[in-house]
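Novice: This is a predicted model, with the sequence first.
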Amino acid sequence: MAKLNFIEKLLGSGFYTGYVPIASGTFGTLAALIIYLIPGFENPYVIIPAIIVFYIYGVYVGNKFEIVYGKDPSECTIDEVVGTWISYLLLPKTVGIIIITFFLWRALDIFKPYPARKLENLNGGLGIMTDDVVSGFYTLFIMHLVVYFFGKF
């Protein structure tokens with residue numbers, strides 16, 4: 001049986017948000033948002049490598065979480081962290097944009113528009129991570145349209 005060490009639990013659970021008994025995905029998103037709010041984290045030279053590293057690690061640790069907790073377990077919220085960071089890529093860091101992006105991301109992560117729902121069925125950590133990446137890019141695309149047509153707020 002696979003066992004999760006401290007670092008795997010810490011990062012795989014989105015800084016232990018996966019162990020919150022209700023709405024663990026939303027708490028994972030909040031943890032990712034707190035990190036995003038660190039001055040400079042939005043810099044593409046910081047956030048893009050963070051997304052890549054956390055995605056690759058998320059596939060690895062997601063496999064272990066599934067062995068321990070079952071298919072796409074709520075305890076694994078590193079996927080929400082990556083999806084959240086993708087959602088905020090190259091957007092203005094304003095209060096209005098941050099709030100709207102947060103709620104749009106959560107809605108798209110929950111409803112999983114095509115092909116996100118289908119990708120969730122991929123095996124192990126790949127399925128855990130990839131559906132959230134797609135929903136993150138949907139959010140990003142929509143928010144860039146919002147900013148283009150309505151400006152910063």
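Specialist: Everything's here; your move. Keep in mind that what you see is a predicted model, and the values were worked out from it rather than measured. Numbering: from 1, shown residues only.

Novice: CA atoms for contacts and neighbours, from now on please.
Specialist: OK.

Novice: Name the next helix or strand following the helix-or-strand element of the chain with minimal mean pLDDT along the chain.
Specialist: Ranked by mean pLDDT, DSSP states H and E, the weakest helix or strand in the chain is helix 116-119, scoring a mean of 89. Using DSSP states H and E, the next helix or strand after helix 116-119 towards the C-terminus is helix 124-150.

Novice: so G14 sits right up against A31, yeah?
Specialist: Yes - applying Cα atoms under 8 Å, one finds G14 in contact with A31, separated by 6.9 Å.

Novice: Quick one: low-confidence residue ranges for this protein.
Specialist: 1 (pLDDT under 70).

Novice: any idea where the helices of it begin and end?
Specialist: For the chain, the helices defined by DSSP state H occupy 6-12, 24-36, 44-69, 78-87, 95-111, 116-119, 124-150.

Novice: how close does K118 sit to V134?
Specialist: 11 Å (Cα to Cα, to the nearest Å).
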